[in-house]
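J.: give me a model of this one.
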Amino acid sequence: MRPSGNDGFVMRQIESVCVAAMLVLAAAGTANAEETAPPAEEPARLWMTGSVDRPPPGYQHDQMQLYHGDHLISVPEFVRIAGYDELADRLERRTRNRRLVMLGGLTVAVAGAVVGFTAPKCNDVPAEPECEATRADRQHLGLGIFVVGAATIGAAKLFLPDLRPALHVMRKMETDYNKRLRVTPVVSATGASVHATLSF
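T.: The predicted structure is shown next:
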C-alpha cells in the first residue's frame, strides 16, 4: 500500500524535524565539551635572576635564583632541564663528593673535641704529676684530631667548590630552552592544537 501524497509530506516534515533536533543536540554537546575542557597549560619556562621575562612568584630580588615555571630549582636541575644531562651529572657528583668530605671532616673534628674535653681530671689524685701529664697528652691528641677535621673541611671548600657554569653560559641555556617552547603542541580533551608562546 503506497502512502498518499499527504502522508509523504508529513513523513518528510518528521524527518526534517529529527535531523534538526540531532544537529541542535550535537552542537550543544560540542559547546558543553568546550566549556568543561580544562584550559591548556602554559609550558614551564626556565628563568634565572636578571632575565627580562616576568619573574616567577616568590622571587627574592636580593638572591640569585633559578626557576622552572614557578618551581625553585638548583643549578644541576636547571642544567638538566636545559638539556645538558652530562654536565648536570658532573655537577651533582661534585656536590655529593664535597658534602661527603665535609661530613667526614666534621665527624673527625667532633671526635677530636670529645677526646680533648673528656681528659681525666686530676683533683685529689696522689700521683698528680703523672695525671697531669696524661691529661695534657689526651688534650693534645684531641686538639690534633680536631685540627685534622677542620683542615679537611677547609680543603673541601677550597679544592672541591660547588661547580657552576658561568653566568653567560646559563643565560644561553635559559634562552635556548625558552625558544624551543615558542611553538608547543598541546593535547586537550577536545583535540590537538598548536600553542604559541613568545619569549624574548
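
J.: pLDDT below threshold where in this protein?
T.: Residues of the chain that meet the criterion pLDDT under 70 lie in 1-13, 17-42, 62, 124-127, 183-200.

J.: ok, which stretches of it are strands?
T.: Here the chain has its strands, by DSSP state E, at 46-48, 66-68, 71-73, 183-188, 191-196.

J.: which elements pack onto the first one?
T.: Helices and strands in packing contact with strand 46-48 are listed as strand 66-68, helix 75-81, helix 167-180; criterion 3 or more CB pairs under 8 Å, 6 or more residues apart in numbering; DSSP states H and E. All C-beta atoms are positioned from the backbone trio N, CA, C, and that covers glycine.

J.: which parts of this protein are helices?
T.: 5-36, 75-81, 85-117, 128-159, 167-180 (DSSP state H).

J.: just these: most buried one?
T.: Across the helices of the chain, averaging neighbours per residue (mean count of other CB atoms under 10 Å) puts helix 75-81 on top, at a mean of 21.

J.: quick one: list the elements packing against it.
T.: Helices and strands touching helix 75-81, by 3+ CB pairs under 8 Å, 6+ apart, are strand 46-48, strand 66-68, helix 85-117, helix 167-180.

J.: can you put these in a markdown table and add distance to residue 76?
T.: Formatted as a markdown table, the helices and strands packed on helix 75-81 follow (distance: least, CB to CB, whole Å):
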| stretch | distance to residue 76 |
| --- | --- |
| strand 46-48 | 13 |
| strand 66-68 | 10 |
| helix 85-117 | 4 |
| helix 167-180 | 12 |
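
J.: closest one to residue 150 among these?
T.: Taking CB to CB, helix 85-117 is the member of the helices and strands packed on helix 75-81 nearest to residue 150, at 5.2 Å.

J.: turn the helices of the chain into TSV, columns for distance to residue 56.
T.: As requested, the helices of the chain are exported to TSV (distance: least, CB to CB, whole Å):
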stretch	distance to residue 56
helix 5-36	29
helix 75-81	13
helix 85-117	21
helix 128-159	31
helix 167-180	13
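
J.: closest to residue 51 out of the ones you listed?
T.: helix 167-180 (6.5 Å).
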